[in-house]
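Student: no sequence for this one, just the structure:
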């Protein structure tokens, strides 16, 4: 039985919005972990997750399947939402501090669940194994872009290639990594 790709789910959800739930179920834990690792606040991570998938659902009609993984499209939205949050946070936290307010925490069970997503040894091992299967050039490019969060110009300098070649390596590496991870799901 052939596995439906993330991109196919996005496209199918245009006709059948319920198919978007399949995409959410497939990606939500990883996107939540992505946010939590960056903000270290379970409530904020959960809010960003909700906003990301709301935006993705609203924009699914604009998604074009150009051979890139559908998850990459969702992560692009997630990165923009995170950037917006960082800008808003600076203003909001200044007001909270000025007013002497405290923010109510999530309950322990919710926090533990989110933290468990981030610390999942099985997930980490699966990603490490899939990364190990990538050709060296793609693996290194993906690590520099995703793990080290470097710009393409810096990746190109480190890999001694053009910026275009660096982009291609990252794109191909992420596409291959996505296929490998989907095959393991």
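Tutor: Done, it's in. Given the structure is predicted, the values throughout are model-derived calculations rather than measurements.

Student: ok, and the helix or strand in this protein with the lowest average confidence?
Tutor: helix 108-118 (a mean of 71; mean pLDDT, DSSP states H and E).

Student: Show me where this structure has its helices.
Tutor: Assigned by DSSP state H, the chain shows helices spanning 6-15, 19-39, 42-59, 70-99, 108-118, 121-133, 136-142, 152-159, 163-184.

Student: For the last one, buried residues please.
Tutor: The neighbour-count criterion (16 or more other Cβ atoms under 10 Å) identifies 165-167, 169-178, 180-182 as the buried residues of helix 163-184. Just so you know, the C-beta spots here come from the backbone N, C-alpha and C atoms, and that holds for glycine as well.

Student: Show the model's pLDDT score for residue 158.
Tutor: The pLDDT attached to residue 158 in the predicted structure is 90.

Student: How much space separates it from residue 30?
Tutor: Between residue 158 and residue 30 the distance is 26 Å, computed by Cβ to Cβ, to the nearest Å.

Student: Residue ranges in this structure under the pLDDT threshold?
Tutor: Along the chain, the parts satisfying pLDDT under 70 run over 90-97, 101-106, 115, 117-123, 184-185.

Student: Please state the offset of stretch 27-41 from the chain centre?
Tutor: 8 Å (Cα atoms, centre = their mean, to the nearest Å).

Student: go on, stretch 172-185?
Tutor: What separates the centre of stretch 172-185 from the centre of its chain is 14 Å, taken as Cα atoms, centre = their mean.

Student: tell me the centre residue of this protein?
Tutor: In the chain, the residue lying closest to the centroid (Cα atoms, centre = their mean) is residue 75, at 3.7 Å.

Student: how about that one, what does it touch?
Tutor: Counting by Cβ atoms under 8 Å, 6 or more residues apart in numbering, residue 75 touches 31, 34.

Student: Now do it against residue 69, distance only.
Tutor: In terms of Cβ to Cβ, residue 75 sits 9 Å off from residue 69.

Student: coming back round to it: so between residue 158 and residue 30, which is more surrounded?
Tutor: Neighbours per residue (other Cβ atoms under 10 Å) separate residue 158 from residue 30, with residue 30 holding more: 17 against 14.

Student: what about the closest residue in space to residue 178 that isn't next to it in sequence, distance to residue 43?
Tutor: What sits nearest to residue 178 in space, not counting adjacent residues and going by Cβ to Cβ, 6 or more residues apart in numbering, is residue 69, at 3.7 Å. Plainly put, residue 69 is 29 Å away from residue 43 if you go by Cβ to Cβ.

Student: Who has more neighbours out of the two?
Tutor: residue 69 (21 against 15).

Student: my guess is that one meets residue 8, correct?
Tutor: No: applying Cβ atoms under 8 Å as the test, residue 69 and residue 8 come out as separate, 10.9 Å apart.

Student: who touches both of the two?
Tutor: Common neighbours of residue 69 and residue 8 (criterion: Cβ under 8 Å, 6+ apart): none identified.
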